[in-house]
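J.: what follows is a predicted protein model with its sequence.
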Amino acid sequence: MGRYFGTDGFRGVANESLTAIHAFRIGRFLGRYYARGKCGRPRILVGKDTRRSSYMLEYSLAAGATASGADVYLLHVTTTPSVSYLVRTEGFDCGVMISASHNPFTDNGVKLFNAMGEKMEDEVERLIEDYLDGGTLPLATGDKVGRTVDYVAGRNRYLAYLLSLPRISFRGMRVGLDCANGSAFMLAKAVFDALGASTFAIGTSPDGFNINAGCGSTHPEQLRALVTEQALDVGFAFDGDADRCIAVDERGRILDGDAILYLAARRLKERDELDGDGLVATQMSNRGLEKSLAPAKIGVTYAETGDRFVYEEMERRGFLLGGESSGHIIFRKYAATGDGILTALKLLEGALEKKCPLSVLAEGYVPFPQRAETVRVKDNAAVVAREEVLAAKRRAEAVLAGGRVVVRASGTEPVVRILTEGEEARAVEEAAALLVRAVHAAAET
C-alpha cells in the first residue's frame, strides 16, 4: 500500500484522514496530468455515493480538476461499476468514484479508474501521493479553465446496458433487493422492474448517514427476513457503492461470493464460456469452492485480496470469471470491476434458464467450516507484525492441524481481518478466538 492509496483507492475518515483539500489536490493533479500533449481539454467523469461527505469531496475534486483545465462530468449519485463502464465506453480520460464502499458513513474514499475503466495504475497513484505531499502545479488561466457538466444522462446509458444483458424475461419472479441506503437505491429496482420482476426493495431511503447501517451486503439478515417473510424467489444485497452482491435463496440461505462463484462457474462451463476452464478467487475464499468445483474440472487460481488484484490475475491468465467471498464478482466479458447489479442479473438469469431455484443449483457447493473476524485497531500493519500475534497464528495453525489461518491488515479500513478454516468446526472456532484475543492484546500495548 502507498502513503494514501490502499487496495481500493484513498480511504479514510472524512475531514480527518481524507479532507476536502485532499480531494481538491487530487483533482488538480488529474486535470493537469491528463492535459499533457492533449488537443482540447481532458474529460474526467465523477460519481458519488450517498454519504453526506460525498458532496463536499465531489465538488472539491471538481474544483481542483477544472482549475487545472479539465472538464468534469458529474454523474452525481451512482454506482462504482457505472463509472467504470462509462469511462470505458464514452471516451473519458479517467473516472473518479467518491465512496468508501462498505464502510460506515463517517468514512469516505476516492477510487480512480483509467481510460479502460480499470483501477488506476499504481505508478499514477504514486505520482498523486508525491503531489499531495507538497508538489506544485500551474493553474489554468483564461480560456484554458475547465467547466463542470451535469451528466445524469450517463446513468441512463449504464441502465440501458444492464437491461441489455439478460437473455430472458424475469416476469413472474418475486425478487428482494437490499440497496444498503447507498448508490443502488434508484438503479437496482428500476432494472429489475423493467425486466418484469415483482420487486421488493429495502435500504432505499438514504439520509447521508444510514449507508450500510445494519443493511446491505455486510448485513444480509434483513434481506433474509424479507425473502422468507414475503415468500420471495430470491434476494440480492448490495454494498454502499454497489460493486458487491450477496444473494439469499428462497429458503433463506445466504450465498456469499464463493457460492456465487460456484454457481457462475458451473453455468459458464456448461455454456462453454469459461475460458481456460478456471476462475480467480482470493486467499480469503473458502477452499471448499475449489473442492466443490473439481468434479466439473474447473480450476481455482488465488490472487491477493482485493478486486483489482483479482482482475489483474484474470487478465494474465485469460480467465473471464473471478471474485471475492465478500461479493465482488467480475464477469470480465461485461465489466472491468465488480458489479453487484450485473452479478444479480446473471444469477437470476441462470436460475431461470435451468428452471431451478438457487437452493437447488447451490447444493453442490459445500464450504469448509470457516470463521471470519474483524478487529478494529489504530495501526493494523503494526499489529499484524507483532511477535505475540505471529506466535498466536502459529498456535492457531497447530490447533487446526492442517487447516488454514489468515491474519492480515485490511487495505481499506483500520482493521485486522482474521480467517480460520478447517475440517473441524470446533477447532475453527477455537483458533479464531485465540487470534482475536491476541490481536486485541497487541493493539492495547
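T.: Happy to help now that I have it.

J.: quick one: pLDDT of the most far-flung residue of the chain relative to its centre?
T.: Farthest-out residue of the chain from its mean C-alpha position, per Cα atoms, centre = their mean: residue 142, at 40.2 Å. If you check residue 142, the pLDDT there is 95.

J.: can you list the residue ranges for strands in the stretch 301-445 of the chain?
T.: Applying DSSP state E, counting those that start in this stretch to the stretch 301-445 of the chain gives strands spanning 321-323, 329-331, 370-376, 404-409, 415-421.

J.: specify the stretch among these that is closest to residue 112.
T.: Of all the strands of the stretch 301-445 of the chain, it is strand 329-331 that lies closest to residue 112, at 17.6 Å by Cβ to Cβ. C-beta here means a position set from N, CA and C on the backbone, and glycine is covered the same way.

J.: and residue 111, what does it touch?
T.: 8-9, 80, 83, 96-99, 119, 241 (Cβ atoms under 8 Å, 6 or more residues apart in numbering).

J.: repeat the analysis, applying 7 Å as the threshold.
T.: Residues near residue 111 by Cβ atoms under 7 Å, 6 or more residues apart in numbering: 8-9, 80, 97, 99.

J.: now it, what's its secondary structure?
T.: The three-state label given to residue 111 by DSSP: H, G, I helix; E, B strand; the rest coil is strand.

J.: what's opposite it in the beta bridge?
T.: Beta-bridge pairing for residue 111 (DSSP bridges): residue 97.

J.: start the count at 587, not 1, going forward
T.: Yes, from this point I'll number from 587; that puts the last item at residue 697.

J.: of the strands of the stretch 887-1031 of the chain, which is nearest residue 674?
T.: strand 915-917 (13.8 Å).

J.: packing partners of the closest one?
T.: If contacts are counted by 3 or more Cβ pairs under 7 Å, 6 or more residues apart in numbering; DSSP states H and E, strand 915-917 sits against helix 843-856, helix 893-903, strand 907-909, helix 926-940.

J.: highest average neighbour count across the ones you listed?
T.: Counting by mean count of other Cβ atoms under 10 Å, strand 907-909 has the highest mean neighbour count of the helices and strands packed on strand 915-917, with a mean of 29.

J.: give me the helices and strands touching that one, please.
T.: Packing partners of strand 907-909 (3+ Cβ pairs under 7 Å, 6+ apart): helix 843-856, strand 864-868, helix 893-903, strand 915-917.

J.: please enumerate the strands of the stretch 587-736 of the chain.
T.: Taking DSSP E, counting those that start in this stretch, the strands of the stretch 587-736 of the chain run over residues 591-592, 595-599, 629-634, 657-663, 680-684, 693-699, 734-736.

J.: return the most buried member of those strands.
T.: Mean neighbour count (mean count of other Cβ under 10 Å) peaks for strand 680-684 among the strands of the stretch 587-736 of the chain, with a mean of 29.

J.: run the angle between it and strand 629-634 for me.
T.: For strand 680-684 against strand 629-634, the angle by axes from the mean of the first three to the mean of the last three Cα atoms, to 10 degrees is 20 degrees.

J.: how far does strand 680-684 sit from the chain's center?
T.: Averaging C-alpha positions (Cα atoms, centre = their mean, to the nearest Å) puts strand 680-684 14 Å from its chain's average.

J.: what helices or strands is that strand leaning on?
T.: Contacts defined by 3+ Cβ pairs under 7 Å, 6+ apart place strand 680-684 against strand 629-634, helix 638-653, helix 666-675, strand 693-699.

J.: mean confidence for the longest one?
T.: Just to be clear, that refers to helix 638-653. 98.

J.: hmm, who's touching that helix?
T.: Taking Cβ under 7 Å, 6+ apart as the rule, helix 638-653 contacts 600-601, 606, 609-614, 616-617, 630, 632, 634, 658, 660, 682, 684, 691, 694, 696, 725-726, 731-734, 794-795.

J.: kindly report the same for stretch 1005-1020.
T.: Outside stretch 1005-1020, the residues that touch it by Cβ under 7 Å, 6+ apart are 870, 872-873, 954-959, 978, 981-982, 985-986, 989-992, 1004.

J.: at 10 Å instead, please
T.: For stretch 1005-1020, the external contacting residues (Cβ atoms under 10 Å, 6 or more residues apart in numbering) are 869-874, 891, 911, 953-959, 978-979, 981-994, 1004, 1021-1022.

J.: which of those residues count as buried?
T.: Among the contacts of stretch 1005-1020, those buried by neighbour count (16 or more other Cβ atoms under 10 Å) are 870-874, 891, 911, 953-959, 978-979, 982-983, 985-986, 989-994, 1004, 1021-1022.

J.: my read: residue 721 touches residue 712, true?
T.: No - if you go by Cβ atoms under 10 Å, residue 721 and residue 712 don't touch, sitting 11.8 Å apart.

J.: thinking again about what came up before, mind putting the strands of the stretch 587-736 of the chain into TSV with distance to residue 770?
T.: Compiled in TSV, the strands of the stretch 587-736 of the chain are given as follows (distance: least, Cβ to Cβ, whole Å):
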stretch	distance to residue 770
strand 591-592	23
strand 595-599	19
strand 629-634	12
strand 657-663	10
strand 680-684	13
strand 693-699	16
strand 734-736	21
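
J.: now render those strands as CSV, adding mean pLDDT and distance to residue 645.
T.: Shown next, in CSV, are these (pLDDT from 0 to 100; distance: least, Cβ to Cβ, whole Å):
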stretch, mean pLDDT, distance to residue 645
strand 591-592, 90, 21
strand 595-599, 94, 17
strand 629-634, 98, 9
strand 657-663, 98, 9
strand 680-684, 98, 10
strand 693-699, 98, 13
strand 734-736, 98, 9
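
J.: which of those sits closest to residue 767?
T.: Per Cβ to Cβ, nearest to residue 767 of these: strand 657-663, 11.2 Å.

J.: I'd like to check the angle between the closest one and strand 629-634, please.
T.: Relative orientation of strand 657-663 versus strand 629-634 (the same axes, to 10 degrees): 20 degrees.

J.: packing partners of strand 657-663?
T.: Applying 3 or more Cβ pairs under 10 Å, 6 or more residues apart in numbering; DSSP states H and E, one finds that strand 657-663 makes contact with helix 606-619, strand 629-634, helix 638-653, helix 666-675, strand 680-684, strand 734-736, helix 739-750, helix 770-780.

J.: dump these to JSON lines, plus distance to residue 805.
T.: Listed next are these as JSON lines, based on distance: least, Cβ to Cβ, whole Å:
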{"stretch": "helix 606-619", "distance to residue 805": "28"}
{"stretch": "strand 629-634", "distance to residue 805": "22"}
{"stretch": "helix 638-653", "distance to residue 805": "20"}
{"stretch": "helix 666-675", "distance to residue 805": "19"}
{"stretch": "strand 680-684", "distance to residue 805": "22"}
{"stretch": "strand 734-736", "distance to residue 805": "34"}
{"stretch": "helix 739-750", "distance to residue 805": "25"}
{"stretch": "helix 770-780", "distance to residue 805": "15"}
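
J.: among those, show me which one is buried the most.
T.: Compared across those, strand 680-684 shows the largest average neighbour count, a mean of 29 (mean count of other Cβ under 10 Å).
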